[in-house]
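1. Got a sequence here, can you build the structure:
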Amino acid sequence: MELADIDGPADAWAASVAFDRVWGRDADAGAVLPGEALVALTHAGAQVTVARRVGDPDREVVGATVGFVGRDHDTGQPFVHSHVTGVLPEAAGSGIGRALKWYQRWWCLERGIEQVRWTFDPLVRRNAVFNLLALGAQAVAYERDVYGAMDDTVNAGLPTDRLLAVWDLASPRTRAAAEGRGAAPDLDGLRHAGADAWLAVGDDGTPQLTPTDASRRLVQVPPDIEGLRQRDRAAATTWADAIRETLGAAMAAGERISGVTRDGWYVLARPGGVTELADR
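-> Predicted structure coming up:
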């Protein structure tokens, strides 16, 4: 692959088309980000980066990311809001998304920016594992219906609840992830220490809620919520309600996500809790 910041309207429109393919946007719904908006963002100093296969005679854009500089409302700290990152379905699993994010880290540090923020769907297991384990970001807040109703094949008819990810680019956690040393929570160790499952995937794939007052509570998400949304929208909505009732309510009450396992268990800890047990 080759990664490059866009250079002119042709690249901008190629990135726009790629985003629309990833999110299943059609002409009636409007573009995720039209080409002219991407050109304007680059003129304003934002990051718009595309990925192509080396040697492709058509130079097709197979992935892209867009981030723009913002400031924290309370502290004024500058950060990059990573608005959208997408990879075409036929290129998924090839490491393009990972490469785009690590390039974004370099892009920010070159400009003296040490933090990136973005939102992600708490039900998409692969994204949670990628963001919190592979990159070393932290999920700091649960936000309800962030974008309102969205008219695309991914989100149509569903609430747009999101987790807010904060990526401190120079932190030990991020440095460890960059070196492949990101640690997942030790689920067996946590259970032995008293952690209880609050939300789990049942044998039939439905959400199973078991109320618990444990100091460590475990919330599991299904392996493929995206496929479920295509097959059974009602079942997907049930999962959206369950994650809001558990993860959303807990974080609103001050609990934090201290980690996520590779098989989709978020670990919730009450304020002042001990450091997580972890494995490799």
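
2. ok, Glu255 touching Gly248?
-> No: counting by C-beta atoms under 8 Å, Gly248 is not a contact partner of Glu255; they are 10.5 Å apart. All C-beta atoms are positioned from the backbone trio N, CA, C, and that covers glycine.

3. What separation do you get for Pro172 and Glu179?
-> 11 Å (C-beta to C-beta, to the nearest Å).

4. List the buried residues for stretch 242-252?
-> Ala242, Ile243, Arg244, Thr246, Leu247, Gly248, Ala250, Met251 (16 or more other C-beta atoms under 10 Å).

5. Now do the contacts for the third one.
-> The contact partners of Arg244, by C-beta atoms under 8 Å, 6 or more residues apart in numbering, come to Arg144, Pro159, Asp161.

6. What about the residue lying closest to Val54 once chain neighbours are set aside, how many residues nearby?
-> Spatial nearest neighbour of Val54, chain neighbours left out: Glu2 (5.3 Å); criterion: C-beta to C-beta, 6 or more residues apart in numbering. Neighbour count for Glu2, taken as other C-beta atoms under 10 Å: 12.

7. now the helices for the protein?
-> 9-23, 35-43, 96-110, 125-129, 172-178, 187-192, 225-231, 233-243, 249-252 (DSSP state H).

8. Same list as before, the ones you listed that is, but in a markdown table and with mean pLDDT and distance to Thr210 included.
-> Below are the helices of the chain laid out as a markdown table (pLDDT from 0 to 100; distance: least, C-beta to C-beta, whole Å):
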| stretch | mean pLDDT | distance to Thr210 |
| --- | --- | --- |
| helix 9-23 | 94 | 35 |
| helix 35-43 | 97 | 46 |
| helix 96-110 | 97 | 34 |
| helix 125-129 | 95 | 20 |
| helix 172-178 | 95 | 31 |
| helix 187-192 | 94 | 13 |
| helix 225-231 | 92 | 20 |
| helix 233-243 | 95 | 12 |
| helix 249-252 | 97 | 14 |
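
9. Of all those, which one comes closest to Val140?
-> When these are compared by C-beta to C-beta, helix 249-252 sits nearest Val140, at 8.6 Å.

10. Can you name the residues in contact with that closest one?
-> Ala141, Tyr142, Arg217, Val219, Ile257, Leu268.

11. Name only those of the residues you listed that count as buried.
-> The neighbour-count test (16+ other C-beta under 10 Å) marks Tyr142, Arg217, Val219, Ile257, Leu268 as buried among the contacts of helix 249-252.

12. center of the chain, which residue is that?
-> The geometric centre of the chain, computed from its C-alpha atoms, lies nearest to Phe120 (C-alpha atoms, centre = their mean), at 3.6 Å.
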